[in-house]
Structures are given as structure tokens and as C-alpha cells.
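Peer 1: give me a model of this one.
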Amino acid sequence: MQTQQDSSEHPESLLSVPLLYAPCADADTAPAMLVAIQELIAHHHLPLSLTPSASTHKLTQKYRQQLSSDYSTPLFIIDDKGELSLLIDGISVAPNWAKLQRRIVSAGRKSELLLQAAKLTADMQALDATAGFGHDSLILASTGAQVTMLEQQPLLALLLLVEQQKMASERNWQKLMARLTIINNTAEAYLASPAANTVKYDTVYLDPMFPDDSYDNSKTGKGAKVGKNMQALHGLVAPPTSEAEIKLFELAQAAITHSTKQESVETGIDNSSRRLIVKRPISAPHLAGYSPDESWQNDVVRFDGYFG
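Peer 2: From the prediction side, this is the model:
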């Protein structure tokens, strides 16, 4: 399993987050998990301070709704199976990578639009600059490529790290987990840092948060159904402003074009295979107003490609 510490400086103040564990959990499970979680926080310098306590009730959906109302802040939960989730606005979310096993096993350029766009192979490097729950990162890594995952929200970054550690204990997942590097940092800060230049990324992938109305169908005016993971993300991360979109796009584009031009100068070979892929709802405008070189789409989503 690859690990990498965030090179950015976190603010001195830590985000204090409650953590409740189920009263019926195995007596050894919750303490062991708490130790492992605290070690991940320390190793990756996440700006989090957890306040763990045993729940006085079974963590039913009804009780979780009450907890959301009582705390009025996101909180972590360890259920009676030892699974970590984040409770926000009454919604419990977790990466749940095991549920993607069938997609990962069968992932290919015919079945996955993202892979049609990214065109990765096992000897390549990809940067998922907006990792979220990491589902698209897994699809990218299914090609054999090494994938660096950036997640700006420390709460989500911790969920990803815990999920990676858990899945790495499963024999069938170990090789895939070893191809993932998780970093808690914003895409803008990372792409502008020297760390971004230490790896020549063949594909940079952006899936920025969209305004709610971006999911509206341009013909019907009706919005697509948004899953609970996306609802939770909207509670944690605001969509970028127009200025932020431009900055993000230009930094991401520079990450593929700079190295391509430099290699062409050094080798005399035109290497235009590097690409920036941007995920958008089907009716959403192009990111920062830049028209893509090529697009891949279905009835719901569109992947816009910009080539180095």
C-alpha cells in the first residue's frame, strides 16, 4: 500500500469531530479501530481531533436522525460490524468499495466511459484531483495504472484512508490498493506545488462539485436523482466559483502540457498522449468555458477530454 503525507500546511486549529461506536460492537473491535484511525490521522497529518464515546442506543436510522439533530455537525460512527461511516444531515455515508467489485473486475473501455476517455494502461500515472468517495479512482486503477487521489475534505480523506486500509487486508484487493496514494489537499494547492512536478501524470481527472441545478435536463427541466453520497458531499463541499473553476482548469491543463512540451524538447519526439478529463452532468456547461478536444457521454454524464 502506498502512502504519502500531505505537503501542505494545515491550520493550527483542528476540526473536532465526535465519534460514536455501537454499544453492541465486539468489545475488542471498537478500541482496535480507534487506535488504527488515530494512527492514520497522525501519519497523514489530518487536521482532525476525534472525541470518541460509546453510544447509549442502538444506531438505528431513526436514532441517527436524532443524532444529526442533536449534534448539528458531521460525526463519525462505528457500527456493530466495525464499519466506519460519516453521518451528516441524517445521512450515513461510506466509500463501500466492496460494492464496486463487479464493475472493477469487468471494467474496460467498452463498458466504462471514463476509461474510454482516460485511455490508461498499466505503465501510466493518473491524478484524480477530486477524489470524493474514490469510486472513479478505483475504475482508473483497475487498468493497472498508479492513481494519486486528492481529497480536500479531511473527513472524507479519513474515510478513504480507513477504507484503503480495510480493503488491503482482503487478498483479492491488495494489488489494487497498492496502486492508490491518498493525499489530503486541495487540487489547486497540490497542482501549484513542487510535488505535482515530481510525477509525470498521463491523465489528470477532475470531477468538481456541481451546483444542484447542473443535474437538470435541458429538455425536460427536471433534475436527475442525486444519490445520498452526492447529497452528503453537497453538505461538505461548496461548488467552485467561476474564478475557482478557471484556476483549477488552468492548473490541471498545465500539469499535462508542461511535461509534454518539456519531453518534446528533450527527446525530439512529439508526445501528445497526456490528457485532462473533466466529468460533467450531461447538460452542464464546459468547465471554465473551455471547449474540449473530444467528449464521451451517455444520457446522464459527460467526460470532456483536453489533450496535451
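
Peer 1: confirm Thr181 sits in a strand?
Peer 2: Yes. Applying DSSP: H, G, I helix; E, B strand; the rest coil, one finds Thr181 inside a strand.

Peer 1: hey, what's it bridged with?
Peer 2: Per DSSP bridges, the residues bridged to Thr181 are Thr148.

Peer 1: can you get me a residue count around it?
Peer 2: For Thr181, the count of nearby residues is 19 (other CB atoms under 10 Å). C-beta here means a position set from N, CA and C on the backbone, and glycine is covered the same way.

Peer 1: now Ser85, what's its secondary structure?
Peer 2: Secondary structure, three-state DSSP: Ser85 is strand.

Peer 1: point to the helix or strand of the chain where mean pLDDT is at its lowest.
Peer 2: One helix or strand of the chain scores below all others by mean pLDDT, DSSP states H and E: helix 228-236, with a mean of 75.

Peer 1: now do it: distance to the chain's middle.
Peer 2: The chain centre lies 12 Å from the centre of helix 228-236; the measure is CA atoms, centre = their mean, to the nearest Å.

Peer 1: Val278 sits in which helix or strand?
Peer 2: According to DSSP states H and E, Val278 maps onto strand 275-281.

Peer 1: what residues of the least confident helix or strand of the chain count as buried?
Peer 2: Across helix 228-236, burial judged by 16 or more other CB atoms under 10 Å covers 229-230, 232-234, 236.

Peer 1: go on, stretch 57-64?
Peer 2: Neighbour counts over stretch 57-64 (16+ other CB under 10 Å) mark 59, 64 as buried.

Peer 1: can you dump the C-alpha coordinates of that stretch into CSV?
Peer 2: Written as CSV, here are the backbone C-alpha positions of stretch 57-64 (Å, rounded to 0.1, in the frame of the first residue of the first chain):
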residue,chain,number,x,y,z
HIS,A,57,-28.6,3.4,22.0
LYS,A,58,-28.6,1.1,19.0
LEU,A,59,-27.5,3.1,16.0
THR,A,60,-30.7,2.7,14.0
GLN,A,61,-31.6,5.0,11.2
LYS,A,62,-34.2,6.8,13.4
TYR,A,63,-31.6,7.3,16.1
ARG,A,64,-29.1,8.6,13.6
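
Peer 1: what's the spacing between it and its chain's center?
Peer 2: 27 Å.
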